[in-house]
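Trainee: sequence and predicted structure are below.
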Amino acid sequence: MKKLNFLKKLLMKGIIPVVLLSVIIPLALAQVDDPSRDIMPENFRIPTPQLYNPLVTVTLNDYDNFNMGTDYAEGHVSMNPLNPLQVFNAFNTNGTHYTLDGGLNWFVNNPAFPNAAGDPVTAYDSLGNLYYETMKSPVTACWIAKSTNNGVNWLFTNASAMSGNDKNWLCADQTSGPYANYVYTIMTGGGGASLWRSTNQGVSYSAVQVLTPHGLPGAMVCVGANGLISGGCVYAVTHSGSNAAGTYNFFRSTNGGANFVSMSSLSVSNVIGNEVGGRSTVQAMRTRPYPMIAADNSWGPYRGRLYLVYASNDPVGSGNKSDIWIKYSTNQGANWSTTMRVNDDFNPQLHNSFHPAIWCDKETGRLSVMFYDSRLCPTNDSMDVFATYSTDGGQTFVPNQRITNKTFRITVGSNSPPSYQGDYNSITSNSKTSMVLWADFRNNSYGSYSAYFPDFALRLNPLQDSINSTNGSVYIKAVVPAVKLYTDEVAISTAITPAPGTGSFNITYPGANKLYFFPDSLFMKVTATNVTPGTYTLTVTAKGPNGTPVHTRTAILVAASTITGIAGNEEPVTYSLSQNYPNPFNPVTRINYSVAKQSDVTITVFDVVGKEITRYSQPKQTAGNHFIMFNAANLSTGVYYYKIQAGDFTEVKKMMLIK
């Protein structure tokens, strides 16, 4: 406390800049740890002025991580099921961030809670209502705020729910079933896990039941289907036993949370990394084998399935390395599948995987999992965030993908073990992609980061060019050089700022403004007509089919009345074959290609067994951009291929005819 008071005095005297306080305090103050509780240490709950770092998109190797500023870890994220561009997240203690455009811009509007002790959790219901919960300080219950516009405004911030002393969780029914928009919340208490609900969209909450046994932090709650009844099953899990030998106890309600019955117990978890004073740690960072649960509310083939994901050492015991494990139940938690490993590193007994989070998409049933992982660090003192997903009900997972674009040290500063750096991260999704949220320590602080998965990389070429302001043109190339399991289209749009005082810019696409197969690229032609000379910024936005993922890149255009040697006024000087547009098509599509120098060009279309359909030949075609129109009126629905042969250049692409 002497250190704390000293820092406060320095702040009041202006000796310590406020913006540095969130970094200095956690590194300067000693932490007192109670291994039976997972609340944020008392010294972190310092009421500082609300000063926030602006969003910085960190682009490395053409991939984006969104840095939303510095908070105190334990972020939780939710996405509006009615609008995937609206995403809200909250970190300790009351650090919120919301976006209305899929993550290009993030804003802060923290609810005015009377006090807050942390452990933020968020949820959306089916109507687009947002709920945000944090524990009270001192810890006796929780505050729950509600917003109808993704956190831009708060309807109320002092709704009180729960009773307990540690670790809360929250979920909402996103279905149109009989319990639509019910909100469920659970919290660790002295005698078990206290479960409450709201049946009036968060206006008030009432106690339902105390679930036992429960002695370790980690009670969770989720909503799933009960046969044809959407939202007909509410699941809760409690955590008992010891840190080295935990037990997960599962409960189910089929009446909208009015009461719960015991379904099963699993004694499957053990230490994560090294046990220090009754708590699991990885490189001095505290962690715990939370039972993360999710249930399938989609109308897909695995509707109703219940999932359990957790971290534990393999082999069992302190000092070994941890992995991410999954089990699933097809009968509402009564019985469980065999245990399967989620992380796919080559030798998992050499690396730590921990802090998993899961989400089951209500439209597709896709189960997404994210986690910390040290596989890229031979000394295991640094880590990344990895993610994967399953489309077959948790039976198999796609290859793990690295989400962070920079590896970072696990332990912040010089904290003594067990060091508080948050006890959980989060993931949410829409039908096309997911958004991953985590505490990132790359700058030796508690960075608040997010990213998309699946995702695509993006770059522009060139990043700067000159253009004749009177009547000039330049070509800018948008490139998707790589993807992280992304398979949907990427649509390109552009804007130029500032608007010229006179004249105008016109942007056209010599081929198409969409990409379908990767890696691939397209050209944008920027034409200036009597514009005011000066420097302009071309902003290129690339989006998935529902607006996510979304990324932007910028290029500088210098407009002048006299330009010599303008590289941009030359046609592209490479051989290329673009993706046909539209694709799929019926029955006509356009195939663009470019020729670097005068060449004999042949374009051949053939079917899936290699039979030639048609051939286009053009002897001694001049250098530049060209196209042909392919009419498939006499062909049947199916996959076809087209191939270009121009000099020594050859390339093949696939197209889809749908009638």
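Mentor: Cool, got the structure. Source: prediction; values computed, not measured.

Trainee: partners of the biggest strand by length in the chain in the sheet?
Mentor: Of all the segments of type strand in the chain, defined by DSSP state E, the longest one is strand 229-242. Sheet pairing of strand 229-242 (DSSP bridges) gives strand 220-226 (antiparallel), strand 245-253 (antiparallel).

Trainee: which residues of the stretch 251-400 of the chain fall in strands?
Mentor: For the stretch 251-400 of the chain, strands defined by DSSP state E, counting those that start in this stretch occupy the ranges 261-269, 274-276, 279-282, 285-287, 292-295, 306-313, 322-329, 340-341, 353-360, 367-373, 382-390.

Trainee: tabulate those strands (TSV), appending mean neighbour count and mean pLDDT.
Mentor: In this view, the C-beta of every residue, glycine as well, is placed from N, C-alpha and C. Shown next, in TSV, are the strands of the stretch 251-400 of the chain (neighbours: other C-beta atoms under 10 Å; pLDDT from 0 to 100):
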stretch	mean neighbour count	mean pLDDT
strand 261-269	17	98
strand 274-276	19	94
strand 279-282	25	94
strand 285-287	25	93
strand 292-295	26	98
strand 306-313	26	98
strand 322-329	24	98
strand 340-341	14	98
strand 353-360	26	98
strand 367-373	27	98
strand 382-390	24	98
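
Trainee: quick one: low-confidence parts of the stretch 501-650 of the chain?
Mentor: 562-569, 571-573 (pLDDT under 70).

Trainee: go ahead and confirm Asn105 touches Thr99.
Mentor: Yes. The criterion here is C-beta atoms under 8 Å, and Asn105 meets it with Thr99 at 6.2 Å.

Trainee: more neighbours, the two?
Mentor: Each of Asn105 and Thr99 has its neighbours counted (other C-beta atoms under 10 Å); Thr99 has more, 24 against 12.

Trainee: mind putting the strands of the stretch 251-400 of the chain in CSV, distance to Gly647 included?
Mentor: Shown next, in CSV, are the strands of the stretch 251-400 of the chain (distance: least, C-beta to C-beta, whole Å):
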stretch, distance to Gly647
strand 261-269, 62
strand 274-276, 62
strand 279-282, 56
strand 285-287, 57
strand 292-295, 54
strand 306-313, 53
strand 322-329, 51
strand 340-341, 50
strand 353-360, 50
strand 367-373, 46
strand 382-390, 43
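
Trainee: could you list the domains of this structure?
Mentor: Per automatic domain parsing, the domain ranges recorded for the chain read 1-30, 31-453, 459-569, 576-657.

Trainee: out of these, indicate the one that is most buried.
Mentor: Burial of the domains of the chain is given as mean neighbour count (mean count of other C-beta atoms under 10 Å); domain 31-453 ranks first at a mean of 21.

Trainee: off-centre distance for it?
Mentor: 13 Å (C-alpha atoms, centre = their mean, to the nearest Å).

Trainee: so which residue is smack in the middle of the chain?
Mentor: Met435 (1.7 Å; C-alpha atoms, centre = their mean).

Trainee: residues in contact with that one?
Mentor: Going by C-beta atoms under 8 Å, 6 or more residues apart in numbering, Met435 touches 77, 79, 87, 103, 427-429, 450-453, 548.

Trainee: what's the closest of those to Asp361?
Mentor: When those are compared for distance to Asp361 (C-beta to C-beta), Ser429 wins out at 4.5 Å.

Trainee: quick one, what contacts that closest one?
Mentor: Ser429 sits next to 79, 359, 361, 366, 368, 435 when contact means C-beta under 8 Å, 6+ apart.

Trainee: which ones are touching the fourth one?
Mentor: Listed by C-beta under 8 Å, 6+ apart, the contact set of Arg366 reads 360, 389-391, 429.

Trainee: thinking again about what came up before, between the contacts of Ser429, which sits nearest Asp34?
Mentor: Trp359 (29.8 Å).

Trainee: these two touch, right, that closest one and Ala294?
Mentor: Yes. Shown here, Trp359 and Ala294 form a contact pair, counting by C-beta under 8 Å, at 6.1 Å.

Trainee: give me the common contacts of those two.
Mentor: Residues touching both Trp359 and Ala294 (C-beta under 8 Å, 6+ apart): Leu367.

Trainee: just confirm Arg279 contacts Pro418, I think it does.
Mentor: Yes. If you go by C-beta under 8 Å, Arg279 and Pro418 touch, sitting 5.0 Å apart.

Trainee: brilliant, that's me finished.
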